[in-house]
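**Student:** Predicted coordinates and the sequence they were generated for:
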Amino acid sequence: MTVETQKETLSFQTEVKQLLHLMIHSLYSNKEIFLRELVSNASDALDKLRFKSLSQADLVEDDAELKIRLDFDAAAGTITLSDNGIGMSRQDVIENLGTIARSGTADFIQNLSGDQKKDSKLIGQFGVGFYSAFIVANRVEVLTRKAGAPAEEGVHWDSTGNGEFTIGAVELAERGTTIILHLKDEEKEFADGYRLRSLIKKYSDHISFPVVMKSEPQETEEGKEAEAPQDETVNEATALWTLPRNEIKDDEYKAFYKHVAHDFEDPLTWSHNRVEGALDYTSLLYIPARAPFDLYNRDAPRGLKLYIQRVFIMDDAEQFLPLYLRFVKGVIDSNDLSLNVSREILQNDKTVDTIRTALSKRVLDMLKKLAANEPEQYQKFWDEFGQVLKEGPAEDFSNKDKIAKLLRFSTTQTGEAAQTVSLDDYIGRMREGQEKIYYITADSHTAAKSSPHLEVFRKKGVEVLILSDRIDEWMMNYLSEYDGKSFQDVGRGSLDLGSVETEEDKKEVEKAAEEHKPLLERLKKALEDRVQDVRVTKRLTDSPACLVVGDFDMGAQMRKIMAAAGQKVPDSKPIFEVNVEHPLVQRLESADGDERFNDLATVLLDQATLASGEQLEDPGSYVTRLNRLLLELSR
Ligand SMILES: Nc1ncnc2c1ncn2[C@@H]1O[C@H](COP(=O)(O)OP(=O)(O)OP(=O)(O)O)[C@@H](O)[C@H]1O
């Protein structure tokens with residue numbers, strides 16, 4: 001290295017400091033992953049150079065053999081990893097190795113608990129990357145020169161990982177990046193040929209580029225001169241997805257996933273397919289075990305790594321999968337697209353549309369298989385990504401039945417908030433004579449579980465799906481039936497229990513409505529500003545009254561979503577249903593004086609509103625009325 005000029009000391013962004021601290025402390029038991037991360041970065045840098053050189057052939061200069069070099073010095077306790085890839089400019093280095101650009105990072109870090117065991121799992125949501133070098137090194141140097149830049153634009157970055165780094169200009173004869181790890185005393189064992197070889201084999205065997213090391217010195221016979229160590233490629237260096245499936249071991253699939261996804265946990269499952277015929281492409285799709293922290297940020301990077309004829313084209317090619325499958329990671333390698341595609345071209349390309357349709361089906365089939373063969377693993381998937389899959393019926397109407405099969409619900413039968421019941425399970429347990437799939441929506445599982453709307457279902461032993469995720473009511477707008485059975489919101493319209501309800505039940509309600517007509521009329525008049533109708537309920541056994549949404553009116557959850565989005569919410573009043581068997585309603589019937597009747601009726605309506613999880617427009621009046629009634633009672 002020549003004399004360093006333009007040297008300055010800069011501070012890491014706060015988030016980097018926090019991440020470094022977290023990484024060093026929580027990934028300690030996985031420390032060997034540093035090598036995979038650095039090799040993955042080197043491989044990405046080579047991919048990027050190869051791509052750029054398609055349009056700028058002179059970028060590769062006279063150094064066209066793309067490779068990664070790994071050296072070590074046991075005496076000095078250093079490991080050196082070099083690539084002749086795209087390299088970085090001074091500005092690139094400051095941005096890439098001093099900051100984290102992903103939005104939401106600060107919030108993510110804020111939410112860490114400080115409990116190393118828990119946090120080490122969470123870091124999987126982040127991806128580890130370059131900073132993992134500091135797990136084993138107490139000083140890291142980076143020497144890099146951007147492809148195409150002159151030798152004097154080399155950059156030297158140097159840091160002990162303690163909040164600051166220095167950056168200076170040096171002359172570098174070759175393009176690309178060299179990373180020198182000065183190992184901590186207790187990690188010096190990594191500066192060993194066998195150890196490094198085995199780590200490369202284990203984690204980076206099937207990346208697309210050769211990893212070259214010097215051969216180990218041979219034992220020599222006395223008197224003979226030792227042969228000088230030779231360069232040798234220590235990995236297979238054939239991109240994994242290009243191999244036939246039967247030649248790939250599960251461990252190799254898993255290692256490759258970690259390389260592609262920068263994840264340190266195994267994937268839940270994968271699907272590797274070669275399609276030939278009208279279209280010719282290979283896909284290798286993985287389902288991760290853990291959601292990234294920014295899964296719900298719809299602008300966060302997502303998508304597959306796109307290769308065309310084995311040449312890397314871009315990361316995060318989101319056009320190959322619909323948004324509701326944005327958790328899928330992997331590679332698509334097409335022989336039909338032109339090497340000079342851009343994101344804009346991909347957006348309007350028929351071939352891409354066809355591939356997206358096929359890949360969506362493939363992912364759904366892969367999930368179906370996982371659910372059938374490894375239900376516990378599927379449950380893990382659901383807990384992490386279920387909410388995203390719920391966007392599916394709206395986004396991908398043609399696959400809505402397949403998606404519906406994959407949904408999992410909490411129900412009145414399980415009594416727990418965990419979503420574990422499939423629609424097939426539900427149908428398998430339907431009561432004789434039950435024709436519909438019943439569900440309830442509410443803001444929270446607790447509110448849904450104690451909703452008065454469930455009373456008659458409990459009495460009749462009919463299971464009800466409990467939907468309390470924000471997206472649920474919206475999703476149900478797109479699911480009208482499953483397996484020939486229609487869905488019925490138990491809080492909407494007139495209740496149809498099919499033949500679970502006897503003729504007698506029906507007659508009784510009709511009779512009650514007739515008998516209590518004057519009460520219903522009086523209630524309607526008293527509450528006409530707030531309800532569209534008053535009727536005798538079939539829903540309640542224990543509660544005096546409840547609110548029902550009209551068949552074509554918007555439910556409470558949707559109203560809230562629309563209001564939060566600043567949209568105008570259509571005006572509609574609920575239907576008020578009363579349980580004429582209930583003593584409070586009977587008392588209402590015998591109430592004399594309009595004031596007392598109105599008080600009691602309004603209190604019942606307010607209570608029904610509260611029980612449906614809504615807030616009262618005028619809570620103060622509710623309290624005043626209730627107190628007045630309580631005082632009367634104690635008189
Ligand atoms: N060997 C390299 N050559 C060129 N650029 C590199 C190299 N290593 C890292 N970089 C640059 O530094 C950036 C940050 O690397 P880092 O490993 O921290 O994150 P990442 O690879 O982008 O994401 P993650 O590893 O979290 O998926 C990379 O995106 C890349 O631009």
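**Tutor:** Received the coordinates, thanks.
**Student:** Tell me where the stretch 201-350 of the chain has helices.
**Tutor:** Remark: helices assigned in the stretch 201-350 of the chain by DSSP state H, counting those that start in this stretch are 250-261, 343-347, 350-373.
**Student:** Could you give me the buried positions within the second one?
**Tutor:** So the one you mean is helix 343-347. Residues of helix 343-347 classed as buried by neighbour count (16 or more other CB atoms under 10 Å): Leu346. For every residue, glycine as well, the C-beta is placed using N, CA and C.
**Student:** One more: the longest one?
**Tutor:** Burial within helix 350-373, assessed by neighbour count using 16+ other CB under 10 Å, is assigned to 351-352, 355-356, 358-360, 362-364, 366-367, 370-371.
**Student:** Residue ranges in the stretch 451-600 of the chain under the pLDDT threshold?
**Tutor:** Judged against pLDDT under 70, the stretch 451-600 of the chain has no low-scoring part.
**Student:** what sits against whichever residue of it sits closest to the ligand?
**Tutor:** In the stretch 451-600 of the chain, the residue that lies nearest the ligand is Ile471 (27.6 Å; CB to the nearest ligand atom). Ile471 is in contact with 387, 390-391, counting by CB atoms under 8 Å, 6 or more residues apart in numbering.
**Student:** how near is Asp606 to the ligand?
**Tutor:** Note on Asp606: its distance to the ligand, by CB to the nearest ligand atom, to the nearest Å, is 52 Å.
**Student:** which one of the contacts of Ile471 has the most neighbours?
**Tutor:** In terms of neighbour count, Lys390 stands highest of the contacts of Ile471 at 25 neighbours, by other CB atoms under 10 Å.
**Student:** if we can go back for a sec, out of the helices of the stretch 201-350 of the chain, which comes closest to the ligand?
**Tutor:** Among these, if distance is taken as CB to the nearest ligand atom, the winner is helix 250-261, at 7.7 Å.
**Student:** If you count neighbours, what's buried in the closest one?
**Tutor:** Under the neighbour-count criterion of 16+ other CB under 10 Å, helix 250-261 has 252-261 buried.
**Student:** of all those, which comes closest to Gln13?
**Tutor:** Nearest to Gln13 out of the buried residues of helix 250-261 is Ala261 (CB to CB; 23.8 Å).
**Student:** I figured the closest one was touching Phe327, is that so?
**Tutor:** No. Shown here, Ala261 and Phe327 do not form a contact pair, counting by CB atoms under 8 Å, at 10.5 Å.
**Student:** Between the two, which contacts overlap?
**Tutor:** When contacts are counted by CB under 8 Å, 6+ apart, Ala261 and Phe327 are jointly contacted by Pro288.
**Student:** Setting the sequence-adjacent residues aside, check what's closest to His516.
**Tutor:** In this structure, His516 finds its nearest non-sequential neighbour in Val580, 5.1 Å apart by CB to CB, 6 or more residues apart in numbering.
**Student:** how many other residues sit next to that neighbour?
**Tutor:** Neighbour count of Val580, defined by other CB under 10 Å: 19.
**Student:** Assumed it was part of a helix.
**Tutor:** No. The assignment for Val580 by DSSP: H, G, I helix; E, B strand; the rest coil gives coil, which leaves it out of any helix.
**Student:** Export the buried residues of helix 250-261 as TSV, with columns for pLDDT and distance to the ligand.
**Tutor:** Compiled in TSV, the buried residues of helix 250-261 are given as follows (pLDDT from 0 to 100; distance: CB to the nearest ligand atom, whole Å):
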residue	pLDDT	distance to the ligand
Glu252	95	20
Tyr253	96	19
Lys254	95	17
Ala255	93	16
Phe256	95	15
Tyr257	95	13
Lys258	92	11
His259	90	10
Val260	91	9
Ala261	89	8
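**Student:** quick one: Val328 from the ligand, how far?
**Tutor:** Applying CB to the nearest ligand atom, one obtains 16 Å for the distance of Val328 from the ligand.
**Student:** Please name the residues that touch that residue.
**Tutor:** With contacts defined as CB under 8 Å, 6+ apart, Val328 is in contact with 285-287, 304, 321, 363.
**Student:** do Ser338 as well
**Tutor:** With CB under 8 Å, 6+ apart as the criterion, the residues that contact Ser338 are Ile308.
**Student:** State the pLDDT value of Gly223.
**Tutor:** Gly223 carries a pLDDT score of 69 in this model.
**Student:** Arg635 too?
**Tutor:** In the predicted model, Arg635 carries a pLDDT score of 65.
**Student:** In this structure Met475 contacts Leu389, no?
**Tutor:** No. Met475 sits out of contact with Leu389 when judged by CB under 8 Å, with a separation of 9.6 Å.
**Student:** before we move on, what SS does Ile466 have?
**Tutor:** strand.
**Student:** Just checking the distance from stretch 553-573 to the centre of its chain.
**Tutor:** Here the centre of stretch 553-573 is set off from its chain's centre by 27 Å, with CA atoms, centre = their mean, to the nearest Å.
**Student:** Next, the distance between the ends of that stretch.
**Tutor:** Chord length of stretch 553-573, first to last residue, is 9 Å (CA to CA, to the nearest Å).
**Student:** If you count neighbours, what's buried in that stretch?
**Tutor:** Within stretch 553-573, the residues that count as buried by 16+ other CB under 10 Å are 553-559, 561, 573.
**Student:** that older thread, for the residue nearest to His516, phi and psi?
**Tutor:** Main-chain dihedrals, Val580, degrees, to the nearest 10: phi -70, psi -10.
**Student:** lowest-pLDDT helix or strand in the protein?
**Tutor:** Every helix and strand of the chain was ranked by mean pLDDT, DSSP states H and E. The lowest is helix 116-122, at a mean of 73.
**Student:** So for it, what gets flagged as buried?
**Tutor:** Buried positions in helix 116-122, judged by neighbour count with 16+ other CB under 10 Å: 119-120, 122.
**Student:** What's the local residue count around the residue of the stretch 151-300 of the chain found nearest the ligand?
**Tutor:** Distance from the ligand to each residue of the stretch 151-300 of the chain (CB to the nearest ligand atom) is smallest for His262, at 3.3 Å. Here the count is done by other CB under 10 Å, and His262 has 20 residues near it.
**Student:** Many thanks, have a good one.
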